[in-house]
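Colleague: Quick check, what structure comes out for this input:
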Amino acid sequence: SAMEQVAEIELDDHQQAIARYYRECWLDYRFFWINRKNLGMHFGYWDEQTRNHAHSLIRTNEVMADAVAIGPGDRVLDAGCGVGGSSIWLASERGATVVGVNVSPEQVSHARRFVRQRGLEDRVTILQRDYKRTGLPDQSFDVVWACESVAHSPDQRDFLAEAYRLLTPGGRLVVRDVYQKRPPADAVDEHLMRNWYGAWVMAPLPTAEQFLAWVSRAGFAEVHMEDITASGVRSGRRLYWMSLAAL
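Modeller: Predicted coordinates for the structure are as follows:
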């Protein structure tokens with residue numbers, strides 16, 4: 001059924017909080033954010049090619065996939081796969097074979113159902129796993145993909161170590177996420193940030209520079225970063241108005 005329960009891993013307190021957040025917010029995402037075509041629970045990417053909100057969620061997939069040249073035959077791990085939107089898109093639009101992992105049992109159920117409805121079971125597998133400890137074999141992927149999921153990790157270095165282990169030599173990692181611009185200036189700043197992190201079930205974020213240093217230290221070469229803040233402003237605005245409407 002649509003809400004079949006899966007319990008393949010034992011969740012710790014932080015993972016339970018993540019699962020609870022997405023359980024409580026599912027209807028908001030379902031009715032105000034995603035549609036059946038994109039299933040995207042991420043911020044959109046707005047540029048001169050973007051037509052509307054729904055298309056902006058697809059543009060995020062396109063920009064990330066182009067950044068690491070995902071094509072037919074690539075084996076992709078979608079780390080923190082939501083309800084399977086990017087996994088399904090990568091299989092149907094880029095010809096990739098995808099394993100999506102997620103700690104939320106409800107999201108895993110939704111994702112599996114969406115994969116079945118599209119007849120993509122041979123190309124997309126959804127597992128309830130922690131992306132920091134997948135239990136999947138060494139060097140079994142060409143690409144590790146993380147779209148706004150690593151921010152949930154209490155220590156992002158654990159994710160990077162697992163990504164490096166899972167990738168073949170010459171494999172690619174693509175991450176889209178949010179980072180601190182600067183450390184909190186004072187106690188008030190820190191209090192505001194702590195509340196903001198809590199609302200999104202995030203651990204305190206590194207700066208982009210810190211994250212890049214961790215990426216290099218994990219063993220990755222040819223590390224590139226692009227500041228895409230401007231491309232997400234319209235999504236942020238939409239979220240703001242949605243939250244006001246919900247008050």
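
Colleague: Which parts of the chain are strands?
Modeller: Along the chain, counting by DSSP state E, strands occupy 75-79, 97-102, 124-128, 141-147, 167-176.

Colleague: and the ones you listed as JSON lines, adding mean neighbour count and distance to residue 159?
Modeller: C-beta coordinates here come from the backbone N, C-alpha and C atoms, glycine included. Listed next are these as JSON lines, based on neighbours: other C-beta atoms under 10 Å; distance: least, C-beta to C-beta, whole Å:
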{"stretch": "strand 75-79", "mean neighbour count": "26", "distance to residue 159": "7"}
{"stretch": "strand 97-102", "mean neighbour count": "25", "distance to residue 159": "11"}
{"stretch": "strand 124-128", "mean neighbour count": "22", "distance to residue 159": "16"}
{"stretch": "strand 141-147", "mean neighbour count": "25", "distance to residue 159": "7"}
{"stretch": "strand 167-176", "mean neighbour count": "17", "distance to residue 159": "9"}
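
Colleague: And the residue nearest the centre of this structure?
Modeller: residue 147 (3.0 Å; C-alpha atoms, centre = their mean).

Colleague: and that residue, what are its bridge partners?
Modeller: residue 176 (DSSP bridges).

Colleague: Give me the buried stretch members for stretch 28-45, please.
Modeller: 29, 33-34, 38-45 (16 or more other C-beta atoms under 10 Å).

Colleague: Extract the CA atoms of the helix ranked longest in the chain and return them as PDB.
Modeller: Secondary structure assigned by DSSP state H gives helix 13-32 as the longest helix of the chain. Taking Å, rounded to 0.1, in the frame of the first residue of the first chain, the C-alpha atoms of helix 13-32 are listed here in PDB:
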ATOM      1  CA  ASP A  13      17.600   9.800  17.900                       C
ATOM      2  CA  HIS A  14      18.800  12.200  15.200                       C
ATOM      3  CA  GLN A  15      17.600  10.000  12.400                       C
ATOM      4  CA  GLN A  16      14.200   9.600  14.100                       C
ATOM      5  CA  ALA A  17      14.000  13.400  14.200                       C
ATOM      6  CA  ILE A  18      14.800  13.600  10.500                       C
ATOM      7  CA  ALA A  19      12.100  10.900   9.700                       C
ATOM      8  CA  ARG A  20       9.600  12.800  11.900                       C
ATOM      9  CA  TYR A  21      10.300  16.100  10.200                       C
ATOM     10  CA  TYR A  22       9.600  14.700   6.800                       C
ATOM     11  CA  ARG A  23       6.500  12.700   8.000                       C
ATOM     12  CA  GLU A  24       5.000  15.900   9.500                       C
ATOM     13  CA  CYS A  25       5.800  18.000   6.400                       C
ATOM     14  CA  TRP A  26       4.800  15.500   3.700                       C
ATOM     15  CA  LEU A  27       1.400  17.100   2.900                       C
ATOM     16  CA  ASP A  28       3.000  20.500   2.700                       C
ATOM     17  CA  TYR A  29       5.500  19.300   0.200                       C
ATOM     18  CA  ARG A  30       2.900  17.200  -1.600                       C
ATOM     19  CA  PHE A  31       0.400  20.100  -2.200                       C
ATOM     20  CA  PHE A  32       2.600  23.200  -2.300                       C
END
